[in-house]
Structure formats: structure tokens, C-alpha cells
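Student: starting from these lines, generate the structure:
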Amino acid sequence: MTTTFRSLLPALTILLGALALPAWGAPQPAGALPGDEALTCEQIATQLVPYMHQVQPNAQALAETQQREFERGKEKYAQRQAQHQLLAAMATAGAMDPTGASKRAYMAAEMAQTAKDRSEDAAEAASPQAQQAKAQREQMAAQAQALQGDARLQRLMQLGQQKGCDRKR
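Tutor: Numbering: from 1, shown residues only. Just a heads-up that it's a prediction; the model follows:
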């Protein structure tokens, strides 16, 4: 039986792959282009700009919405802080009342405040602003997931990390 190069080629390819030696026509990583290894950080950044432009409008809109939510949260916290400080005074009075009437009044006020806070939170969660923020977050997540499948983007990100482009200078 004669052995030909053609019959040995599959075995050689497997062997060379196992030894991590480059074989003829070795496949490049997904999304790779010739010359990628020679790209500088600036060149990689330039190639990433179109991806940034795709994401920027949605990211900016979401950031603005989140800033409004943050400001509203700070306002709500300040308002609730004042209300809870009044309850603290009632709790102190309840501790000194031998009849327990002040303590019962404090507990009722505390329960009413908690119910009010929960009601406000539920109303805010159902508000148009909250629904808009949720839709924007979902849109950003969907866009990010789509970009995860972009082999070129992933390759550029990998090159940037390998070359240390993601480190501050």
C-alpha cells in the first residue's frame, strides 16, 4: 500500500493543530483581517468609532433618563428623611409613655408611612418616565447583545486588550 501526501494531509493538519504550529491556510480568528496584529491603539480606536456611533444615541438618551431618575430619587429621599425624623420623635415619646398609648400611635403612624412609601413607589414604577427608562434599558441591552455577535467588533476589542489600549496612560 502506498502512502500519498494527500492521504497524510488530514493527519498532518490535526497533528500541526495539536502542536499549535501554523498549518497551510490556518484559519484566522473570527473577524480578523490581514494586518490586524500591526494595528496601533489609535488605529483600533478609529475602527471602533462606527460602533460607538451606533450605540451613542441610545446610550445618551438612557443616561439622561437615569440622571432624571437619580435626581427624583434624591428628592424623594430628602422628603422621606424628614417624615421619618418626625416618626423618630414619636418613638421617643412612646418609650416614655407608661400607658403605651403613644407607642400604639407611633406604630400606627409607622405603618401608615410605610404604606404611603410603598404606594408612592408603586405609582412611580408605573409612571410614564419609569416605563420609558425600562424601554430604553431593554433597547440598550438588545443593541449590546446584537453587537456581541459582531465578530469584527469582538476582534477589535480583543486586540485592544492584548495591546493594553484599555489601560489609562
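
Student: elements contacting the helix of greatest length in the chain?
Tutor: Across the chain, the longest stretch assigned as helix under DSSP state H is helix 41-96. Here helix 41-96 touches helix 101-125, helix 128-148, helix 151-162, going by 3 or more CB pairs under 8 Å, 6 or more residues apart in numbering; DSSP states H and E. To be clear about C-beta, it is placed using only N, CA and C from the backbone, and glycine gets the same treatment.

Student: between it and helix 101-125, how many degrees?
Tutor: Interaxial angle, helix 41-96 versus helix 101-125 (axes from the mean of the first three to the mean of the last three CA atoms, to 10 degrees): 150 degrees.

Student: pLDDT averaged over helix 41-96 - what is it?
Tutor: Helix 41-96 carries an average pLDDT of 92.

Student: from Gln131, how far off is the spatially most central residue of the chain?
Tutor: For the chain, Ala141 is the residue whose C-alpha lies nearest the centre (CA atoms, centre = their mean; 7.9 Å). Ala141 sits 16 Å away from Gln131, going by CB to CB, to the nearest Å.

Student: which residues touch Ala93?
Tutor: 102, 106 (CB atoms under 8 Å, 6 or more residues apart in numbering).

Student: ok, now Ala109?
Tutor: 87, 90.

Student: for it, give its distance to Pro34.
Tutor: For Ala109 relative to Pro34 (CB to CB), the value is 73 Å.

Student: before we move on, what about Tyr51?
Tutor: Tyr51 is 21 Å from Pro34, by CB to CB.

Student: gap between Gly35 and Leu159?
Tutor: According to CB to CB, Gly35 stands 11 Å off from Leu159.

Student: out of the two, which sits in the busier spot?
Tutor: The neighbour comparison of Gly35 against Leu159 (other CB atoms under 10 Å) goes to Leu159, with 20 against 8.
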